[in-house]
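Visitor: What shape does this take:
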Amino acid sequence: MERQQVLIGDNLRLARVEGAIYFICACGQTLGSGDENFKDYCLVEESATASIGAGYKASDQGMADQVCFREFFCPSCGLRQATEIARVGDPYLSDIQPRL
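Guide: This next block holds a predicted model:
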C-alpha cells in the first residue's frame, strides 16, 4: 500500500493512501477527504471571543456579540485540531487546500 504523509500541525496530517488524500488526526482518526473541509468532521465548541483571554475583550459589546471563537476537536481522541474567530452563523473557514 502506497502511503505519503505531510504534517500540517502538531495533531493533523495529510495522507495519500492508494491515490486518495485524507486528513488524519495523530490518533489515526480520518477527518474527511482532502477535497473537503476537515473541520466538518470535528466536534466544535463555540464561545464568546472574551473567553480567549483578557486581551480579547471588546469595547463594543454589540460587535462582540456578532463574532465567536471556535475550537475544532477530533471526535475520537479530543485533540484540538484548529481554532478560528468568525461571525456567528458563518460557515467554517476552509484554510487548507492540499496538494500532495
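Visitor: Identify all contacting residues around stretch 75-93.
Guide: Stretch 75-93 has contacts (Cβ atoms under 8 Å, 6 or more residues apart in numbering) with 9, 11-12, 25-29, 31, 37-44, 46, 49, 65-74, 95. From N, CA and C alone the C-beta is placed, and that goes for glycine too.
Visitor: What's the PyMOL line that selects buried ones from the residues you listed?
Guide: The PyMOL command for the buried members of those (criterion: 16 or more other Cβ atoms under 10 Å) is given here:
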select buried, resi 11+12+25+31+37+38+39+41+42+49+68+69+70+71+72+73+74
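Visitor: Quickly find the element holding Cys13.
Guide: I think there's a mix-up here, since residue 13 is Arg and not Cys. Element membership for Arg13 (DSSP states H and E) is strand 12-17.
Visitor: any idea how far the following helix or strand past that strand is from the chain center?
Guide: Using DSSP H and E, the helix or strand that follows strand 12-17 towards the C-terminus is strand 20-25. Per Cα atoms, centre = their mean, to the nearest Å, the displacement of strand 20-25 from the mean C-alpha position of its chain is 13 Å.
Visitor: so what strands line up beside strand 20-25?
Guide: Neighbouring strands of strand 20-25 in its sheet, by DSSP bridges, are strand 12-17 (antiparallel), strand 30-33 (antiparallel).
Visitor: worst average pLDDT in those strands?
Guide: Mean pLDDT is lowest for strand 12-17 among the strands paired with strand 20-25, at a mean of 89.
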